[in-house]
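*Asks:* Prediction below, plus the sequence it came from.
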Amino acid sequence: MTIKKIGPTTLERWVDSLIGQQRVFGAQAQGDKFAFAPLTQAARLRLDYDVAVTAPKAFLQPPCETLLRFGARGYESVLDTEPFVLFGVHPYDAVGILQMDTVFAEGQPDIHYLTRRAQATLVVCDVQNASPNVFAGCMNTAVLEEGGDVLLTRINDDYLVEGRSAKGEALMKALASEPEAEAGDLQFRKMVWDHNRQLLRRHELKVKPEDLPAMLDKSYDHPVWEEKSKRCFSCGSCNLVCPTCYCFNVREDVRWDLQNGERVRTWDGCMLTEFALVAGGHNFRRKKAERYRHRYYRKGKYLYDQHRQIACVGCGRCIGACVAKIANPVEVYNRLAEGPR
Amino acid sequence: MDKPRVAIFDFACCEGCQLQIVNLEEELLDVLTLIQPVEWREALSDQSDTYDIAIVEGSITRPEDEEKLREIRAPAAILIALGACATMGGINKLKNNFAMDEVRAEVYGKDGSMPHLNTLPTRALDEVVKVDLKIHGCPINNREFAYILRCLALGKTPAIPNYPVCVECKMRGTVCRYEYNEICLGPVTRAGCNAPCPSAGFWCFGCRGYVDDPNVQAAREVMEHYGKTMDDLKSRLLLFGSGQEPTS
């Protein structure tokens, strides 16, 4: 695969040419924060952003999407088949997306996600500024060792652009005449990676991520669940900002003719009171503490048991989003590491 | 099947919720395919004592209101409370923080003691009669009203959110007001409005009422973290939260 070295003007020209070819969603300033939004010109791209308010997974599993339309004559699935580029995804968010790829492909493959995913080109960009709560360095997600379609790394004023897939190479066609990165540049990139592994540690996890499942296995009755969850609003914010949370609810609404309508799915979260409410009015996680514990088990054990990956990428969004300040996974896991009290 | 006869009534309120129904505008003709309005002050000159569904906005604030509401309830198979005044008393319940004599003197001065100005502590409809369904908000969200109407026509229970407004802020990518050290009632308030206030940079007033199990204690405990006091929180809860009963 190719690794090119380009200057800021070339980068801008390249991005502008991509905008003319397909939908590009890029990291941009939004008030005093950053967000992924449709990119209208390369100059608006902010690859120096610290964290995007909403994880870019939202472009693959939107907060609200129509799954199918139905009527008297049957139904028809709704699929998004238009190509698009997610430009400037941070490594930890890319890891989140790669995990969602696994989840939505297994069992009954989710055609809505997979179709949209097949149209997506993921341009990953190494982090330039750490956000206030990031701890990706502790979760081995500060750097994306493999995966994604293109990897951008800032080297002084220039960028190294690595094609990581056929799709990525195709996107880089316009850069064919640009110079290849030299050994010194690659050396520098390695330094950036090492630096980021240290930089993205605003909270320090005292256990290795791979030890979390065994630790959680022993912590089911730990007092921390009851203690912390007393303050829980059951607002689901920690779920909804999480790059690896993918749970959804499905609803139907009809038009005024009461015949034709849509089936819609929306984001859901296991911290919400009615998440586990089933037919007959039974709720199998009725208590706040049960829901609160479930989230940490889901991230640190249940998904690991299935896919051998810890479902926390250390973006730190939940820490910021929780009004009650009880959602910091590092704080909870460190507390468990101290032992049973 | 005959279309259900629907009567819309109002008590103490600004009538902004029935105006929200009128605001469905081009969809009003669609509404008429499902129901037959027989009384609706803002849109119809007819009146009727026979109807299947009564939609009632406003809150109960005078002795004669109570009697009138019972009369409205009697023939109705279904009574729907429309908007915050009807579902929980709304801002009219601010009155309940004062003595009734004080309130009358404040509003009417020396005439305050005249008998026709008699007033009672504000009550939501379900503090007086049985309410079958509540449509929340100040004003109501008319998209939600339309959805509920279609559900009723299908004999289906409408899905009214029982989660906080925070969910809708997160779905919209709205930055939390607390990140700017501002008290917002979103974490204890029922969603369904699609969070227009925080998304416009303003805190949630709590106009849809509390979720079924609001963690008000947590709201108290987090004030310190944001450099706020209990009085700051109370001042925000006062508007829609004065003497608020469960809203489900």
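*Replies:* On my side now, so go ahead.

*Asks:* From chain A, how far off is B:Ala105?
*Replies:* Here the criterion is Cβ to the nearest Cβ, to the nearest Å. By it, B:Ala105 lies 40 Å from chain A. The way it works is simple: take the backbone N, C-alpha and C, and place the C-beta from them, glycine included.

*Asks:* for the residue lying closest to that residue once chain neighbours are set aside, what are its contacts?
*Replies:* Excluding its sequence neighbours, the residue lying closest to B:Ala105 (Cβ to Cβ, 6 or more residues apart in numbering or on different chains) is B:Gly112, at 4.5 Å. Shown here is B:Gly112, whose contacts under the criterion Cβ atoms under 8 Å, 6 or more residues apart in numbering or on different chains are B:101, B:104-106.

*Asks:* What subset of these is buried?
*Replies:* Buried members of these, counted by 16 or more other Cβ atoms under 10 Å in any protein chain shown: B:Arg104.

*Asks:* and which of the contacts of B:Gly112 is nearest to chain A?
*Replies:* Ranking the contacts of B:Gly112 by separation from chain A, with Cβ to the nearest Cβ as the measure, puts B:Glu106 on top at 36.2 Å.

*Asks:* ranges for the helices of the stretch 101-250 of chain A?
*Replies:* Remark: helices of the stretch 101-250 of chain A, listed N- to C-terminal, are A:111-119, A:166-171, A:183-199, A:212-217, A:224-229, A:237-240; assignment by DSSP state H, counting those that start in this stretch.

*Asks:* Out of the ones you listed, flag the one nearest chain B.
*Replies:* With Cβ to the nearest Cβ as the criterion, chain B lies closest to helix A:237-240 of the helices of the stretch 101-250 of chain A, at 3.7 Å.

*Asks:* Compute the number of surrounding residues for B:Gln217.
*Replies:* By the other Cβ atoms under 10 Å in any protein chain shown criterion, the neighbourhood of B:Gln217 contains 10 residues.

*Asks:* do A:Gly184 as well
*Replies:* When neighbours are counted by other Cβ under 10 Å, A:Gly184 comes out with 9.

*Asks:* And the strands in the chain?
*Replies:* No chain specified, so I'll use chain A. With strands called from DSSP state E, chain A shows them at A:3-6, A:23-30, A:33-38, A:64-71, A:74-77, A:84-89, A:120-125, A:150-155, A:158-163, A:248-254, A:261-267, A:277-278, A:282-283.

*Asks:* that answer is for a different chain, and I need it for chain B
*Replies:* Listed in chain order, the strands of chain B (DSSP E) span residues B:5-10, B:36-40, B:53-57, B:78-82, B:133-135.

*Asks:* B:Glu127 touches B:Thr61, doesn't it?
*Replies:* No - under the criterion of Cβ atoms under 8 Å, B:Glu127 makes no contact with B:Thr61, lying 11.5 Å away.

*Asks:* just to revisit the earlier point, got the helices of the stretch 101-250 of chain A as JSON lines, with mean pLDDT and distance to A:Gly316 columns?
*Replies:* As requested, the helices of the stretch 101-250 of chain A are arranged in JSON lines below (pLDDT from 0 to 100; distance: least, Cβ to Cβ, whole Å):
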{"stretch": "helix A:111-119", "mean pLDDT": "98", "distance to A:Gly316": "25"}
{"stretch": "helix A:166-171", "mean pLDDT": "97", "distance to A:Gly316": "27"}
{"stretch": "helix A:183-199", "mean pLDDT": "98", "distance to A:Gly316": "13"}
{"stretch": "helix A:212-217", "mean pLDDT": "96", "distance to A:Gly316": "17"}
{"stretch": "helix A:224-229", "mean pLDDT": "97", "distance to A:Gly316": "17"}
{"stretch": "helix A:237-240", "mean pLDDT": "98", "distance to A:Gly316": "11"}
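
*Asks:* Tabulate those in JSON lines, adding columns for distance to A:His90.
*Replies:* Converted to JSON lines, those look like this (distance: least, Cβ to Cβ, whole Å):
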{"stretch": "helix A:111-119", "distance to A:His90": "18"}
{"stretch": "helix A:166-171", "distance to A:His90": "17"}
{"stretch": "helix A:183-199", "distance to A:His90": "10"}
{"stretch": "helix A:212-217", "distance to A:His90": "22"}
{"stretch": "helix A:224-229", "distance to A:His90": "28"}
{"stretch": "helix A:237-240", "distance to A:His90": "18"}
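
*Asks:* Please identify the deepest-packed of the ones you listed.
*Replies:* Using mean count of other Cβ atoms under 10 Å in any protein chain shown, the stretch among those with the greatest mean number of neighbours is helix A:237-240 (a mean of 27).

*Asks:* how about that helix against chain B, any contact?
*Replies:* Yes - with Cβ under 8 Å from any Cβ of the partner chain as the threshold, helix A:237-240 lies in contact with chain B, specifically through A:237, A:240.

*Asks:* I'd like to know which elements that helix is packed against.
*Replies:* Based on contacts counted as 3 or more Cβ pairs under 8 Å, 6 or more residues apart in numbering or on different chains; DSSP states H and E, the elements that helix A:237-240 packs against are helix A:317-321, helix B:166-172.
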